[in-house]
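1. model this:
(chains A and B)
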There are 2 protein chains.
Amino acid sequence: MSFGIDDILRARENIAGKVIQTPLLESPFLNRLLDCRLFVKAENLQVTGAFKFRGALNKISSLTAEQRAKGVLAFSSGNHGHAVAAAASLLNCSAVIVLPNTAAAIKVENCRWWGAETVFYDPNKDDRETFSKNLAESRGMTVIPPFDDELIMAGQGTVGLEIHEQLSQRDVTPDLLVSNCSGGGLSSGVTEAFKHFYPSASVVLVEPAGGEKMARSLQTGKPERNVNLGPTMLDGINGPLAGTKTLEVLRRHSVSCASIDEEEALAAMFTAFKYLKIVVEPGGAASLAAILAKKIDVKGKNVVILASGGNVDPDVFARALNYAA
Amino acid sequence: MSFGIDDILRARENIAGKVIQTPLLESPFLNRLLDCRLFVKAENLQVTGAFKFRGALNKISSLTAEQRAKGVLAFSSGNHGHAVAAAASLLNCSAVIVLPNTAAAIKVENCRWWGAETVFYDPNKDDRETFSKNLAESRGMTVIPPFDDELIMAGQGTVGLEIHEQLSQRDVTPDLLVSNCSGGGLSSGVTEAFKHFYPSASVVLVEPAGGEKMARSLQTGKPERNVNLGPTMLDGINGPLAGTKTLEVLRRHSVSCASIDEEEALAAMFTAFKYLKIVVEPGGAASLAAILAKKIDVKGKNVVILASGGNVDPDVFARALNYAA
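-> Numbering: from 1, shown residues only, chains lettered A, B, ... in the order given. A predicted model of the protein is given here:
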């Protein structure tokens, strides 16, 4: 009973009418600059500003009525928490988001705005997972995992179905998919869909330089921990651990890997500002950054990349504006 | 032989496959903040970063083969020049863009990038229109007017057809359209389409405070000049003159008017950054600015606004980032 295209097709039915079909953008300037045809899937325009909403919605809508009545719980200070809060709200389900007591005010506000309850743990004292599991058990709530879950992966995989439809409308067969990667929820879901339609295309994952947990996991064959968890503006792709289920999918499709640093992400954010007119967060700009920094050969190819999120603070975006193209 | 929906439907056929069907964005945050349902047509994501590409493409593709062989000419230092250069390039037609010798380097580069020839006039010595007409005549080229032309208006009107389709998919009937307005090309085209489908809906135009040439034209019944032509970041909606043909359409549909200033536009650009994840230029944010500044009553309504362009310099965008929501 392995993860496959049927899971993703079912996810699309589950979330239809509630997610935005985000545009697949193309810039003549970027095409000429990079000597390729570049298609940018703008998931930063998704509800909650990131692809995470798709997986959360698929997972919560697949719960039983009884489970939904008891509510859901997620631990995340970033896009996943925001997405679970929003998806739960739309499905009339109560939600608890567990955050570190050091979380930025805006992240707490985003969860509360959707009506979620926020509960804080002390990162110096509590283990986040144990804390969350105990809380969920005591309340009878279902934990919504951030990535290593087939319903989550299938939800994110619907991005790949839309890419296929949008490329078909333009009579384009892609040669290459480049995906931003942390735990692997987005990468595994989109890769599964992409390789279903384009079996001979390649897939490259992009991770933070120094925090290449999925590249190492692909080498060792088991999910590795991130050894570089320090604070970074690339937080969207710098989670603590690769997934077991996501790794299995990514191994099966023989993906390869690249990495980028913060400065390369800022330069890519500027490029997206100038040529695509979209706001992308640092981790969400990773695949564009890897291509602009010439870490992936795109010459003469049809290339699909993911702009996976747009939740960036104004002061970080102001730094990106200082980059000349 | 008055301008109508058939012109716009024909335009759509002419430009099909060459323009981007831009998304109609919606933000749950903005809906709650404004106590309405707000739909944002993101024409900043159009080829060349503005709606102007639609009209230019429709006009040039409607020329005879002989006219196209001789080439086209436009005078504009902004989005219209860029759009004519791009549309001509795609239609294998040579183009001359007439610019003031004071034009910013980036605007000259944009035209040249598409292969257009740039010719400079001295704004202290030459009359722009006379200079351009003489040059076009001497070379046998066709002048592509910026707005007061039924083919241009029809091209911009295709934005209204897409809005209708996108609202229909969501089973929404709009109450109100708010459009950024300068010469009236976009406003007249979109209003014509919008009122065809929604005859009882209202239309409000937004102009720069102090430069309300269309509001004055609607009062006097004839196209008025802009009496406040000083340099402004609202340049996209601060052209010198209202159109004759555009005015006729806007009068027929009994539109009303509002105005905004630069600070209100900057605040709207920040809101678009934060909640919509898109880059909008000051004039392109005018309709959002008017609503945020409570100059238009939107309470309880289904409201469509236009984010008409995204060509903004980084230093101006950096100013917008300083606005708190």
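
2. tally of neighbours for the closest residue in space to residue A:52 that isn't next to it in sequence?
-> Distances taken as C-beta to C-beta, 6 or more residues apart in numbering or on different chains put residue A:83 closest to residue A:52, at 3.7 Å, once the chain neighbours are dropped. The way it works is simple: take the backbone N, C-alpha and C, and place the C-beta from them, glycine included. Residues near residue A:83, counting by other C-beta atoms under 10 Å in any protein chain shown, number 32.

3. thought residue A:83 was touching residue A:58?
-> No: contact criterion C-beta atoms under 8 Å: residue A:83 and residue A:58 do not qualify, at 10.8 Å.

4. what's the distance between residue A:77 and residue B:256?
-> Distance of residue A:77 to residue B:256, given as C-beta to C-beta, to the nearest Å: 46 Å.

5. So those two - more neighbours on which side?
-> Neighbour tally, residue A:77 and residue B:256, criterion other C-beta under 10 Å: the higher count belongs to residue A:77, 20 against 11.

6. Could you check how far the more buried one is from chain B?
-> If you measure residue A:77 against chain B using C-beta to the nearest C-beta, to the nearest Å, the figure is 18 Å.

7. Then residue A:265?
-> Distance, residue A:265 to chain B, by C-beta to the nearest C-beta: 16 Å.

8. Not counting sequence-adjacent ones, nearest residue to that residue?
-> residue A:282 (4.1 Å).

9. quick one: that neighbour from residue A:273, how far?
-> Distance of residue A:282 to residue A:273, computed by C-beta to C-beta: 13 Å.

10. what does residue A:38 give?
-> In this view, residue A:38 and residue A:273 are 16 Å apart by C-beta to C-beta.

11. which residues in the stretch 1-150 of chain A form helices?
-> For the stretch 1-150 of chain A, the helices defined by DSSP state H, counting those that start in this stretch cover A:5-15, A:28-34, A:52-61, A:65-70, A:79-90, A:105-113, A:128-139, A:150-169.

12. ugh, wrong one, I meant the stretch 201-325 of chain A
-> A:213-220, A:244-252, A:262-271, A:286-292, A:314-320.

13. Tell me the predicted confidence for the most far-flung residue of chain A relative to its centre.
-> Distance from the C-alpha centroid of chain A, by C-alpha atoms, centre = their mean, peaks at residue A:138 (29.8 Å). We have a pLDDT of 97 for residue A:138.

14. do the same with residue A:279
-> Listed pLDDT for residue A:279 reads 98.

15. Also residue A:324?
-> Looking at residue A:324, its pLDDT is 69.

16. same thing with residue A:129?
-> 87.

17. Then residue A:197?
-> For residue A:197, the predicted pLDDT is 98.

18. got the residues of the stretch 151-300 of chain A near chain B?
-> A:270, A:273, A:274, A:276, A:277, A:278, A:279, A:280 (C-beta under 8 Å from any C-beta of the partner chain).

19. residues touching the residue nearest the centre of chain A, list them.
-> Chain A has residue A:186 as the residue nearest its centroid, 4.8 Å off, counting by C-alpha atoms, centre = their mean. By C-beta atoms under 8 Å, 6 or more residues apart in numbering or on different chains, the contact set of residue A:186 is A:51, A:147, A:156, A:159, A:179, A:180, A:306, A:308.

20. Neighbours of residue A:264, how many?
-> 22.

21. That one contacts residue A:287, doesn't it?
-> No: under the criterion of C-beta under 8 Å, residue A:264 makes no contact with residue A:287, lying 11.1 Å away.

22. Any idea which residue of the stretch 101-250 of chain A lies closest to chain B?
-> Taking C-beta to the nearest C-beta as the measure, the stretch 101-250 of chain A has residue A:113 as its residue closest to chain B, at 7.0 Å.

23. same question but for the stretch 1-150 of chain A, I mixed them up
-> Counting by C-beta to the nearest C-beta, the stretch 1-150 of chain A gets nearest to chain B through residue A:44 (4.5 Å).

24. who's in contact with the nearest residue in space to that residue that is not next to it in sequence?
-> Spatially, and ignoring its direct neighbours in sequence, residue A:44 is nearest to residue A:310 (3.0 Å; C-beta to C-beta, 6+ apart). Counting by C-beta under 8 Å, 6+ apart, residue A:310 touches A:44, A:45, A:49, A:50, A:278, A:279, A:280, A:281, A:284, B:277.

25. List only buried entries from those residues.
-> Among the contacts of residue A:310, the ones that count as buried by 16 or more other C-beta atoms under 10 Å in any protein chain shown are A:44, A:45, A:49, A:50, A:278, A:279, A:280, A:281, A:284, B:277.

26. quick one on the thing from earlier: any chance of the contacts of residue A:310 in a markdown table, plus distance to residue A:67?
-> A markdown table is the format used below for those (distance: C-beta to C-beta, whole Å):
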| residue | distance to residue A:67 |
| --- | --- |
| A:44 | 31 |
| A:45 | 30 |
| A:49 | 27 |
| A:50 | 24 |
| A:278 | 36 |
| A:279 | 35 |
| A:280 | 35 |
| A:281 | 32 |
| A:284 | 31 |
| B:277 | 32 |
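
27. Need the winner for burial among the helices of the stretch 201-325 of chain A.
-> Sort the helices of the stretch 201-325 of chain A by mean neighbour count, taking mean count of other C-beta atoms under 10 Å in any protein chain shown, and helix A:286-292 sits at the top with a mean of 28.

28. then it to PDB, C-alphas only?
-> Taking Å, rounded to 0.1, in the frame of the first residue of the first chain, the C-alpha atoms of helix A:286-292 are listed here in PDB:
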ATOM      1  CA  ALA A 286      15.600  28.300  -2.700                       C
ATOM      2  CA  SER A 287      15.000  26.600  -6.100                       C
ATOM      3  CA  LEU A 288      15.200  29.900  -7.900                       C
ATOM      4  CA  ALA A 289      18.300  30.700  -5.900                       C
ATOM      5  CA  ALA A 290      20.000  27.400  -6.900                       C
ATOM      6  CA  ILE A 291      19.400  28.100 -10.600                       C
ATOM      7  CA  LEU A 292      20.500  31.700 -10.500                       C
END
